[in-house]
Structure formats: structure tokens, C-alpha cells
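here's my sequence, what's the structure:
(chains A and B)
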Amino acid sequence: MKYLAVITILLVGGLLFYGTPDFPAWGDPQSPASRHVSPYYIEQGYEDTHAPNLVTAVLADYRGYDTMFETAVIFSAGIACLFLLRVYRRKTSQTRLYRHTLTGVTLRIAKGGKLPEGSAEFEQIDSLWVPYDMIIKVCSRLIVPFVQLFALYVVAHGHYSPGGGFQGGVIFGAAIILYAIAHDMRSGFRRLNEKVALLVSAIGVLLFVGTGVLAVLLGGNFLDYSALAGLLHTDAVMARSHGILIVEIGVGLAVMAVMVSLYYILASAGRFDEGL
Amino acid sequence: METLIAQFMTKYNYWAIIGLIMIGLYAMIAKRNLVKKIIGMNIVQTAVILFFVSIGAKQGKTIPIIAYGHGDGGHHAVRAIDYINPLPHVLMLTAIVVSVATLGVALALAVKVHRLYGTLDEDEIAERIKES
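This next block holds a predicted model:
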């Protein structure tokens, strides 16, 4: 079996090596990929959209249809994960661990015992006992706001510098995941509930599609943001720039929420009570 | 031999990518553990992403963000030859995030398989299916 695999891979690799002389050289400005549509994007992109970052312009404007379905793919991946792993009948674990926050004493409460739910002095901890680590919690509390601020900057500044909805959304999701890892999953839920997370990703996709439909209703083509000019009180080119921003915010919301809910679902194996 | 060295000097990016594809394919075919197969799939995805990005490169040119495009920097003629190709970057930007999302679905399937059969080894799973 192993030998067969090695032979197959050597055959595939040999075929690919055999094909390399036909490819353009590394860094060749005249390569076929750079000769057809990309010169138009580079030379006309700024006049068409007023977005100096051409990657953002192509992503959200010229190829907006493609990006819309990529966002839909991400959203459906989040939904698929939920349907695969979600445990519908939530079994309450036999024993629960609580920590008295003032003294650090850990209580093990057997099944049927009275749970100190709602008391401010006790917090539930994971059944795999984790010691209290102040350094990690304080550090994450310091880092998380700045990461989130940077994520908002990356989304909002995607026109002018490297960035956009996908990158900013991933950074924002990483900040929430960092918070949930440093504390525990339940305090993550208190900030962003797993149901709210999937709802937010649906809202993100809806924002993208809604912008396209709005352009149709105002008399343009689907996802042609210049039709929004009257609504935004600008000329057609600036309307495309603003349309890109709206769409990028939708992408950022969808990506952020799906990243967070993927973490929730996988780390708790669909039970949404404790994990990592 | 001379031509081979010349080939290597101009096309080493493809060689590295082919190496990565071979590693990933080997993991997908020969490894028995499902998580290792998923890792192999991710290596192949990374290789494809690197392939697209390397296609868009131009020797000694800058990133596709128009210089002097911020505010009223005056009108500068933009020549396509001065900027690298933005199109592969756009395609791969979405592909990276989609690959993370598909990785999540693959891992969820692996968790589901582990929940059903108690193992992630292919042969053991096949035995369990035969037994039942």
C-alpha cells in the first residue's frame, strides 16, 4: 500500500515537473496571467472606484459576485458544522466544579446537590480542573481590546492599505477566540453567544446580498454600486467606493462570526458547555 | 545539466510548490489516520495558494496599491507594468478563508466519525463497519 502510494506520487510529481518548462519564469511581467484583465484593473481601477488598494477594488466591485458566493460558502460551512456536531439533548454532567472567587477554594458538587447558580461569589469551572491563572487572564484582557481595534481599522481602511473584510473579520474573530481560551468557554458565551454568532454571520451575508438587491431596485445591475449614488448623495465613482465599504463590513461580520462559532462548535464537540 | 540549472534559477517556485503538493498527496493517500489526511489536504491547498500568488509576481515591482492615491496627490499616470497582478491575490484571499471554513467542516466530520466508531484509523473503522 505504501509503495503504491509512493509510486503514484512520484508519477504525479514527475508529470508536474515535466510540465514546468511551459510555465512562465518567476517574476516575469509578460506572463499570461498578467496580460489579459489585470492591466485594466491596475490602470482603470482608481478612476472607476476611488479605491487605491486594487485588491479591495477587484474583490468587492469587479468580482463582487464571486466574493458574495465565497461569503455564502463560509456561512454554509458554519451551518454545516453546527448540524454535524450539535448535541440536541444537553446532558448535565454528573458533578460540577465551582470555585469560590474570594478564597480560591474549589467545590465539587455531586449530582443532585444544590448548585450555587446565580451567586456572585462562585464561578463554574471546567470538569477537567484548571487552576486559576491570573497572568493569562490579565494579559488577555489587555490584548483583546487592541486586537479588536486593529480589526476595525483593517476593515475600515481596506480601501487605502492592505486589509478588508476577510482579514479584519479573521482578526476580530481571533480576539474573541483568545478571550474564550484565556478565560473559559462560558465567559466567551457571555460576550458572544453561539446563537448570536450564527445570526451575525447570516446578517453579514444578508448585508452583502441586500446591497446588490438594492442596486437592482434603484435601477442598476446586481451589485452595481454606482446605482446607490442618489441614496448616498455622491457621484457614481464615490458611490462605488462607499458600496465597497458596506460590502466589506458584511464580509467582515460573516467571517468573524463563522470563525468564532467554528471554534465554539469544534472545541466543545457540539455540546456548548465547556472546552479547551 | 546547464539547461536544468537555468530552469531551476528561473522556475524554482514551481519546484517548491510541486514538492509541497507531493507531500500533501502522500499524506492523503498513505496515512491511515483521518486527521493526518486532513492535514495533507491542507498542505495541498497551501501549495495551490502559493502557486497562484507566485503567478502574479513581477520582478522588482510593488504591491497593487496605487501610489499617491491617498487624497489629492495630483494626477500620476498609472502603468500596469509598475504594479504586481492583483487578480491572484484577490482569488487567494477568499480561498484562504474558505479553506479554513472547509477545514472546520472536515474536522467536524472527523469528530462525528470518532463519536460513532471510537477511532480515527481507517482500517479499524472499516472493521467496525463490517462487524455491524
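
okay, CA-based contacts and neighbour counts for the rest of this
Fine.

averaged pLDDT, the strand or helix carrying residue B:126. What do you get?
Residue B:126 is located in helix B:122-131, with elements delineated by DSSP states H and E. Helix B:122-131 shows a mean pLDDT of 90.

also stretch A:177-187?
Here the average pLDDT along stretch A:177-187 is 87.

export only the CA atoms of it, formatted as PDB.
What follows is stretch A:177-187, C-alpha atoms only, in PDB (Å, rounded to 0.1, in the frame of the first residue of the first chain):
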ATOM      1  CA  ILE A 177     -11.300  33.200  20.500                       C
ATOM      2  CA  LEU A 178      -8.400  34.500  22.500                       C
ATOM      3  CA  TYR A 179     -10.700  35.800  25.200                       C
ATOM      4  CA  ALA A 180     -12.600  32.400  25.300                       C
ATOM      5  CA  ILE A 181      -9.300  30.500  25.500                       C
ATOM      6  CA  ALA A 182      -7.800  32.600  28.200                       C
ATOM      7  CA  HIS A 183     -10.900  32.500  30.400                       C
ATOM      8  CA  ASP A 184     -13.200  29.600  29.700                       C
ATOM      9  CA  MET A 185     -15.900  28.900  27.100                       C
ATOM     10  CA  ARG A 186     -18.800  30.100  29.200                       C
ATOM     11  CA  SER A 187     -17.300  33.600  29.600                       C
END
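
tell me how far it lies from the chain's centre.
Using Cα atoms, centre = their mean, to the nearest Å, the mean C-alpha position of stretch A:177-187 is found 17 Å from that of the whole chain.

mind listing what's buried in that stretch?
A:177-186 (16 or more other Cα atoms under 10 Å in any protein chain shown).

now, which of those sits nearest chain B?
residue A:177 (14.6 Å; Cα to the nearest Cα).

which residues does the nearest residue to the closest one once chain neighbours are set aside contact?
Of all residues not flanking residue A:177 in the chain, residue A:260 sits nearest, at 6.2 Å (Cα to Cα, 6 or more residues apart in numbering or on different chains). Counting by Cα atoms under 8 Å, 6 or more residues apart in numbering or on different chains, residue A:260 makes contact with A:173-174, A:176-177, A:197.

tell me which element the spatially most central residue of chain B falls in.
Centroid-nearest residue in chain B: residue B:46, 1.9 Å away (criterion: Cα atoms, centre = their mean). Residue B:46 belongs to helix B:34-55 when assigned by DSSP H and E.

and that helix, what's its mean pLDDT?
Rounded mean pLDDT across helix B:34-55 is 93.

now the helix or strand that comes right after it: buried residues?
Scanning forward in sequence from helix B:34-55 by DSSP H and E, the next helix or strand is helix B:86-117. Using 16+ other Cα under 10 Å as the test for burial, helix B:86-117 gives B:86-95, B:97-112.

pLDDT weak spots in chain B?
B:69-76 (pLDDT under 70).

one step back: send me the helix holding residue B:46 as CSV with only the CA atoms.
The C-alpha trace of helix B:34-55 is given here as CSV (Å, rounded to 0.1, in the frame of the first residue of the first chain):
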residue,chain,number,x,y,z
LEU,B,34,-8.1,10.8,9.2
VAL,B,35,-6.7,13.9,10.9
LYS,B,36,-3.4,13.3,9.1
LYS,B,37,-5.3,13.1,5.9
ILE,B,38,-7.0,16.4,6.6
ILE,B,39,-3.6,17.9,7.3
GLY,B,40,-2.4,16.6,4.0
MET,B,41,-5.4,18.2,2.3
ASN,B,42,-4.5,21.5,3.9
ILE,B,43,-0.9,21.2,2.7
VAL,B,44,-2.2,20.7,-0.9
GLN,B,45,-4.4,23.8,-0.5
THR,B,46,-1.5,25.8,0.7
ALA,B,47,0.6,24.7,-2.3
VAL,B,48,-2.2,25.8,-4.7
ILE,B,49,-2.4,29.2,-2.9
LEU,B,50,1.4,29.7,-3.2
PHE,B,51,1.1,28.7,-6.9
PHE,B,52,-1.5,31.4,-7.6
VAL,B,53,0.4,34.1,-5.6
SER,B,54,3.7,33.3,-7.3
ILE,B,55,2.0,33.5,-10.8
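
hey, where'd the helices end up in chain A?
Under the criterion DSSP state H, helices of chain A are mapped to A:2-19, A:38-49, A:54-57, A:64-85, A:134-156, A:165-182, A:185-191, A:194-217, A:229-232, A:236-267.

just the ones you listed: most buried one?
Ranked by mean neighbour count, the helices of chain A are led by helix A:54-57 with a mean of 30 (mean count of other Cα atoms under 10 Å in any protein chain shown).

I'd like the distance between residue A:39 and chain B.
To chain B, residue A:39 is 5 Å away according to Cα to the nearest Cα, to the nearest Å.

how close does residue A:50 get to residue A:252?
21 Å (Cα to Cα, to the nearest Å).

and the helix holding residue B:46 with helix B:86-117, angle?
In terms of direction (axes from the mean of the first three to the mean of the last three Cα atoms, to 10 degrees), helix B:34-55 departs from helix B:86-117 by 180 degrees.

so which bits of helix B:34-55 are buried?
Applying 16+ other Cα under 10 Å to helix B:34-55 flags B:34-38, B:40-55 as buried.
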